[in-house]
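[1] Using only what follows, build the 3D model:
(chains A and B)
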Amino acid sequence: ILNVEQSPQSLHVQEGDSTNFTCSFPSSNFYALHWYRWETAKSPEALFVMTLNGDEKKKGRISATLNTKEGYSYLYIKGSQPEDSATYLCALWRRSGAGSYQLTFGKGTKLSVIP
Amino acid sequence: DAGVTQSPTHLIKTRGQQVTLRCSPKSGHDTVSWYQQALGQGPQFIFQYYEEEERQRGNFPDRFSGHQFPNYSSELNVNALLLGDSALYLCASSLAVGGSYNEQFFGPGTRLTVL
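    Numbers count the residues shown, from 1 in each chain, chains lettered A, B, ... in the order given. Now for the predicted structure:
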């Protein structure tokens, strides 16, 4: 059974604080990792796709790192703003057969930024 | 570009009934995947359609079936509804490229409530 675990489950921070969350996953059959940002009543929006051990990606105040050998990824938000309030999902692409891949999601981390 | 659209937005059914959910993919995409997100869980992969055929399937019973039309739109059908089928159903579209994963673009989901 493949488990993608995210922690913490939820998080409340003050505006301006920096924060980070963790996604852990089995490293076997790793192909790629996605981070999604999901605001209430909207569609999940892709933030990053990461494929190589040691990958670091950045988009504005949000960045992510990947360690495929130990099976974890961190998402960092610098100087949180109220508009960062959302659920952050990580999802693991793994090979499920010849030429086929499946996406397995964690349960997400719900971030609330208090003005 | 309207992105991925789903209909209806909300749906209420009773146990034993059948339901059909619809998805129109992002323009230019030819692959549609369906996910179920139960309360407190991450999205779980149901199945994927490409070239009007089911190509991959997650761990869901045969009560869950689908269809893809020549215009790449897709339907998810659930028969003999159970209370446990109450969930948000997400559709995602992508462009198939052999031997690789591709970024999935998600719709806003259909909220199904089974009474």
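[2] Closest residue of chain A to chain B?
    Taking Cβ to the nearest Cβ, chain B has its nearest neighbour within chain A at residue A:105, 3.5 Å off. C-betas here are computed from N, CA, C, even on glycine.
[3] Up against chain B, what does chain A have?
    Applying Cβ under 8 Å from any Cβ of the partner chain, we find that chain A lies next to chain B at A:4, A:6, A:31-32, A:34, A:36, A:41-46, A:49, A:89, A:91, A:93, A:96-97, A:99-108.
[4] ok, now with 7 Å
    Within chain A, the positions near chain B by Cβ under 7 Å from any Cβ of the partner chain are A:31-32, A:42-44, A:46, A:49, A:89, A:93, A:96, A:99-103, A:105-108.
[5] Those residues in strands, which ones?
    Per DSSP state E, strands hold the following members of the residues of chain A next to chain B: A:31, A:32, A:46, A:49, A:89, A:93, A:96, A:100, A:101, A:102, A:103, A:105.
[6] Since ChimeraX is what I'm using, could you give me a select command covering the residues you listed, but only where they're buried?
    Typed into ChimeraX, the line below selects the buried ones among those, using 16 or more other Cβ atoms under 10 Å in any protein chain shown:
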select /A:31,32,49,89,93,96,101,102,103,105
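[7] Can you pick out the most distant pair from the ones in strands among the residues of chain A next to chain B?
    Farthest apart among these by Cβ to Cβ are A:89 and A:100. That separation is 21.6 Å.
[8] Give me the nearest residue to the most centrally placed residue in chain B, chain neighbours excluded.
    Compute the mean C-alpha point of chain B, and by Cα atoms, centre = their mean the closest residue is residue B:34, 2.9 Å away. The shortest distance from residue B:34 to any non-neighbouring residue, by Cβ to Cβ, 6 or more residues apart in numbering or on different chains, is to residue B:46 (4.3 Å).
[9] To what extent is that neighbour buried, counted in neighbours?
    By other Cβ atoms under 10 Å in any protein chain shown, the residues close to residue B:46 number 23.
[10] dump the residue contacts of residue A:84.
    For residue A:84, the contact set (Cβ atoms under 7 Å, 6 or more residues apart in numbering or on different chains) comprises A:77, A:111, A:113.
[11] Is it correct that the first one is in contact with residue A:62?
    Yes. At 5.4 Å, residue A:77 and residue A:62 qualify as touching, with contact defined as Cβ atoms under 7 Å.
[12] Which residues of chain B lie near chain A?
    Contact residues, chain B versus chain A (Cβ under 7 Å from any Cβ): B:4, B:40-43, B:45, B:55-56, B:98-99, B:101, B:103-104, B:106-108.
[13] Lowest-confidence member of those, which is it?
    pLDDT across the residues of chain B next to chain A is lowest for residue B:99, at 49.
[14] Mind checking what secondary structure whichever residue of chain B sits closest to chain A has?
    Proximity of chain B to chain A (Cβ to the nearest Cβ) peaks at residue B:42, 3.5 Å away. Here residue B:42 is coil, with the state taken from DSSP: H, G, I helix; E, B strand; the rest coil.
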